[in-house]
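Novice: attaching a predicted model along with its sequence, questions to come.
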Amino acid sequence: MELNPKPIYGNWAHGWALDRHTLSSRAGEGGRSKFDRFATERSELGQALFRLKYQDEHALVAPLAGTVTAFVHSHPELADIRAVLAVPPSDTGRSFQPVEAIATAVARELGLPAPDDYLLKVKRTAPLKNVDDKRGRREELEGAFAVVDQRFAGMPLLLFDDLYRSGETLKAVTAALLFGGQAGKVSVVALTWTRTKK
């Protein structure tokens, strides 16, 4: 897949979002789906992610994971990572979790663990898309994530998410890994980025 990566900055050592999610969006003609209200043009990566998440095209896990794996291999800064961790889902009621599925596939391709019993969301939060400012998002996420032990203490870790907006979720998770888990360093890869209001 074509990529246009950009660096993203936070409390992590290295970070990238691999492409813009949406290229353009305008009012559509309506339809049965909430997505029909807009005619949206997405990047190749953004469209694949949309189809995986909202059209249940699970076969897209493999090419998306392959794209992330190739990116990791092309960056020497990531050569020493010891595990791949998915940002815990906000909606735990979904039977299929795209971020976890992609992170697990990436880890398998890299020959690394991707434990689902290490990094947890321990506080229920409001949907961040409804919180307009960074301070509000930061307050909403305070204490939301925790690690269960220090099995990766001193080790470099890769944190993976599907969408980068303000970075507040990634910052909160990174803090849990660094302070709770005593990780040596955390690097971040998000599939796509989208605009934030503030």
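Specialist: Happy to help now that I have it.
Novice: show me the contacts for Lys171.
Specialist: Applying Cβ atoms under 8 Å, 6 or more residues apart in numbering, we find Lys171 in contact with 10-11, 138, 141. For the C-beta atoms, the positions are set from N, CA and C on the backbone; glycine is no exception.
Novice: now the spatially most central residue of the chain, nearest residue through space, not along the chain?
Specialist: By Cα atoms, centre = their mean, the chain has its centre lying nearest to Asp161, at 0.7 Å. Using Cβ to Cβ, 6 or more residues apart in numbering and skipping the chain neighbours, the partner closest in space to Asp161 is Val87 (4.3 Å).
Novice: re the thing from before, surely the residue nearest to the centre of the chain and Ala190 touch.
Specialist: Yes: counting by Cβ atoms under 8 Å, Ala190 is a contact partner of Asp161 at 4.7 Å.
Novice: overlap of the contact sets of these two?
Specialist: Going by Cβ under 8 Å, 6+ apart, residues that sit against Asp161 and also against Ala190 are Leu170.
Novice: can you map out the helices along the chain?
Specialist: Assigned by DSSP state H, the helices in the chain fall at 44-54, 61-73, 98-110, 134-141, 168-175.
Novice: deepest-packed of these, please.
Specialist: Highest mean neighbour count of the helices of the chain: helix 168-175, a mean of 22 (counted as mean count of other Cβ atoms under 10 Å).
Novice: now render the helices of the chain as CSV, adding distance to Gly181 and mean pLDDT.
Specialist: Converted to CSV, the helices of the chain look like this (distance: least, Cβ to Cβ, whole Å; pLDDT from 0 to 100):
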stretch, distance to Gly181, mean pLDDT
helix 44-54, 27, 94
helix 61-73, 20, 98
helix 98-110, 16, 97
helix 134-141, 17, 73
helix 168-175, 10, 95
